[in-house]
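Peer 1: Need coordinates for the below:
(one chain, ligands or ions: 1)
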Amino acid sequence: MSEVVVKPTAEAVAAEAAERLVQAAQAAVARRGRFRVALAGGNTPMALYRLLVAEPYRQRMPWPQAEVFWGDERHLPPGDPGRNDTAVLPLLAEAGVPPAQIHPAPYIPDNPDASARAYEVALRRGWDAGEPLLDAALLGLGTDGHTASLFPGTPALEETARLVVANRAAYEDRHPERITLTLPALAETGLILFLVTGAAKREAVRRALAGPEDPPLPAQRVRSRFGPVVWLLDEAAAP
Ligand code: 6PG
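Peer 2: Next up, the predicted model:
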């Protein structure tokens with residue numbers, strides 16, 4: 001089940017996402033004293049991240065209680081500009097997230113499977129029984145219908161037990177070796193927010209929302225057992 005929200009501009013999408021994340025974060029902290037979130041990679045969410053670490057959102061987000069993960073990572077050494085976390089880590093430091101609560105994906109050279117297994121250990125740590133694995137996850141959408149690093153026709157899509165796996169796929173000029181949350185991990189997420197902007201994504205959004213396709217696009221297969229998947233689109237990306 002999906003909820004689709006269309007905003008006039010990418011900036012308005014970022015503001016809507018910020019409001020929803022603040023609400024989810026405040027509710028999680030009120031309930032259990034912390035907020036576990038998985039950030040999306042790629043370019044689209046950067047406007048949101050900059051918004052969330054600046055006033056007024058910086059004060060409204062319970063950053064000192066946040067546990068920050070990534071929904072996927074390009075399997076590169078820490079600090080590599082091709083990683084999803086490199087540009088975001090300084091923002092999180094600026095926002096006052098305690099370093100021990102920021103969880104970049106591990107990088108074990110030449111062994112993405114070991115990195116994925118290590119990340120799953122970190123992700124499972126602090127997963128309280130009966131609580132969501134993550135209170136919120138941000139997701140992007142590729143023009144091919146991929147999300148996180150769940151690419152069409154790849155083995156990661158079919159994982160039914162592990163929360164994090166390695167995957168490999170060519171997409172634009174991005175590093176192909178990946179680690180990614182799996183569909184079972186996303187199913188254990190309280191709030192799933194897709195952020196999609198720009199006319200280049202319109203066809204992928206149309207296919208992802210129109211369904212059904214055979215085989216379904218990766219983004220079509222994302223579900224949360226806690227509620228609807230929310231799509232935040234600008235008018236350019238809305239079918
Ligand atoms: C990645 C991302 C990926 C991204 C989409 C959209 O590692 O590349 O996690 O899933 O969200 O490819 O990327 P853009 O926002 O840059 O279009």
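
Peer 1: Please see if the longest helix belonging to the chain touches the ligand.
Peer 2: Using DSSP state H to define each element, the chain has its longest helix at helix 10-32. No: Helix 10-32 stays clear of the ligand (C-beta under 6 Å from any ligand atom), getting no nearer than 10.4 Å. (Each C-beta comes from the backbone N, C-alpha and C, glycine too.)

Peer 1: Met46: neighbouring residues, count only.
Peer 2: 15 (other C-beta atoms under 10 Å).

Peer 1: In this structure it contacts Ala87, no?
Peer 2: Yes: using C-beta atoms under 8 Å, Met46 is in contact with Ala87, at 6.7 Å.

Peer 1: who are the neighbours in contact with the closest residue in space to Met1 that isn't next to it in sequence?
Peer 2: In space, and not counting its chain neighbours, Met1 is closest to Pro228: 4.5 Å by C-beta to C-beta, 6 or more residues apart in numbering. Neighbouring residues of Pro228 by C-beta atoms under 8 Å, 6 or more residues apart in numbering: 1-3.

Peer 1: For Pro218, which non-adjacent residue is spatially closest?
Peer 2: Leu150 (4.2 Å).

Peer 1: same check, this time on Ala148
Peer 2: Asp72 (4.0 Å).

Peer 1: what do you get for Phe226?
Peer 2: That would be Gly190: by C-beta to C-beta, 6+ apart, it lies 4.7 Å from Phe226.

Peer 1: Going along the chain, name the strands of the protein.
Peer 2: 2-7, 35-39, 66-70, 72-74, 134-139, 164-168, 177-181, 189-196, 229-234 (DSSP state E).

Peer 1: Now tabulate those strands in TSV and tack on mean pLDDT.
Peer 2: Listed next are the strands of the chain as TSV, based on pLDDT from 0 to 100:
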stretch	mean pLDDT
strand 2-7	97
strand 35-39	98
strand 66-70	98
strand 72-74	98
strand 134-139	98
strand 164-168	98
strand 177-181	98
strand 189-196	98
strand 229-234	98
